[in-house]
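**Student:** below: sequence and its predicted model.
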Amino acid sequence: PLELKVEGKDKPKTGSIALTGPVQFKFGRSLHRVKIEFIKGTGAFASDYETEEERNDKIKQKKKISSSTQFTFREEYILPYSLISFYGIVNENSAKETGLKQEDVNLLLEGMWNGTKNLITRTKAGQIPRFLMQVVYKEPNFHIGLDDLEKEKSELPDEKIRDIKEIKLNVTRLSKKLGNNREKIENIRYAVDGDLKLLKDGRDVESKDISPQGITVEEITF
């Protein structure tokens, strides 16, 4: 299964085989300061279930409608808005052990992009992927380390940001890092959300312009 190829497998209760997943991600980090807010809420659910037909019959017969309801209270911390960056590595050596292929990586990228948009739970609804970049290297056992290379720029105080249109993503350092290692890069693949604005060397640029000259660039379509 794809999960085994990507994430690996812990040591079972019996036996000694454990597989380290070839795909590893660092914890996500907001590209701007955020204000954590504390909220309280309630939830309610009916303990006695009635069908719509049963309810209508009771109305006609002027019988008491079941109203037994239970309430729950919750307290939680939320982020009103945050643009979060994640960084991950696909290790070619571990990939051989789990049988991870390029088509599996493509499925992983598609899941990251479309799966994020389709999260519908209360805490995850509304999350949108904005920019995805995959750097494919020529040299084995090598990676640049691209985390913490993007910065945001906004006319608003960081804590007041509430929409992606209020941000420009500064990719100047990222582009320079790629350019300094262009001889070791096979190609760069990317997907971008139309609402994301990019900034490089103080000017607005398109996503394809992040990559310096001499590096093949391919836009990913899912």
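**Tutor:** Cool, got the structure. Numbers count the residues shown, from 1 in each chain.
**Student:** and stretch 135-153, what's buried?
**Tutor:** 135, 146, 149-152 (16 or more other Cβ atoms under 10 Å). In this view, the C-beta of every residue, glycine as well, is placed from N, C-alpha and C.
**Student:** residues contacting that stretch, please?
**Tutor:** For stretch 135-153, the surrounding residues in contact (Cβ atoms under 8 Å, 6 or more residues apart in numbering) are 26, 29, 31-32, 83, 85, 87, 89, 92-93, 133, 158, 161, 167-171, 173-174, 177-178, 181, 183-189, 199.
**Student:** can I get the buried residues of stretch 135-153 in TSV with pLDDT, distance to residue 101 and secondary structure?
**Tutor:** Output for those, formatted as TSV (pLDDT from 0 to 100; distance: Cβ to Cβ, whole Å; DSSP: H, G, I helix; E, B strand; the rest coil):
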residue	pLDDT	distance to residue 101	secondary structure
135	95	18	strand
146	77	23	coil
149	76	28	coil
150	79	29	coil
151	81	35	strand
152	82	35	strand
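**Student:** nearest to residue 205, of these?
**Tutor:** Of all the buried residues of stretch 135-153, residue 205 sits closest to residue 150, with 13.2 Å by Cβ to Cβ.
**Student:** now the closest one. Its backbone dihedrals?
**Tutor:** Torsion angles at residue 150 (phi, psi; degrees, to the nearest 10) stand at phi -100, psi 150.
**Student:** do you know how far it is from residue 100?
**Tutor:** According to Cβ to Cβ, to the nearest Å, residue 150 and residue 100 sit 27 Å apart.
**Student:** what does residue 24 give?
**Tutor:** Distance from residue 24 to residue 100, by Cβ to Cβ: 12 Å.
**Student:** and for residue 86?
**Tutor:** Going from residue 86 to residue 100 by Cβ to Cβ gives 19 Å.
**Student:** what of residue 188?
**Tutor:** Distance from residue 188 to residue 100, by Cβ to Cβ: 20 Å.
**Student:** cool, and residue 172?
**Tutor:** 33 Å.
**Student:** how is this structure partitioned into domains?
**Tutor:** 2-34+81-219, 37-77 (automatic domain parsing).
**Student:** and for residue 128, the neighbour number?
**Tutor:** 11 (other Cβ atoms under 10 Å).
**Student:** again with residue 200
**Tutor:** Residues near residue 200, counting by other Cβ under 10 Å, number 19.
**Student:** that one is in contact with residue 170, isn't it?
**Tutor:** Yes - applying Cβ atoms under 8 Å as the test, residue 200 and residue 170 come out as touching, 7.5 Å apart.
**Student:** residues contacting residue 176?
**Tutor:** Here residue 176 is in contact with residue 212 (criterion: Cβ under 8 Å, 6+ apart).
**Student:** ok but it is inside a helix, no?
**Tutor:** Yes - membership of residue 176 in a helix is supported by DSSP: H, G, I helix; E, B strand; the rest coil.
**Student:** that one and residue 148, how far apart?
**Tutor:** 14 Å.
**Student:** before we move on, what about residue 91?
**Tutor:** 20 Å.
**Student:** helix/strand/coil for residue 179?
**Tutor:** Classification of residue 179 using three-state DSSP returns helix.
**Student:** what's the neighbour count on it?
**Tutor:** Using other Cβ under 10 Å, residue 179 has 14 neighbouring residues.
**Student:** state the pLDDT value of it.
**Tutor:** In this prediction, residue 179 carries a pLDDT score of 94.
**Student:** now it, nearest residue through space, not along the chain?
**Tutor:** Spatial nearest neighbour of residue 179, chain neighbours left out: residue 212 (3.6 Å); criterion: Cβ to Cβ, 6 or more residues apart in numbering.
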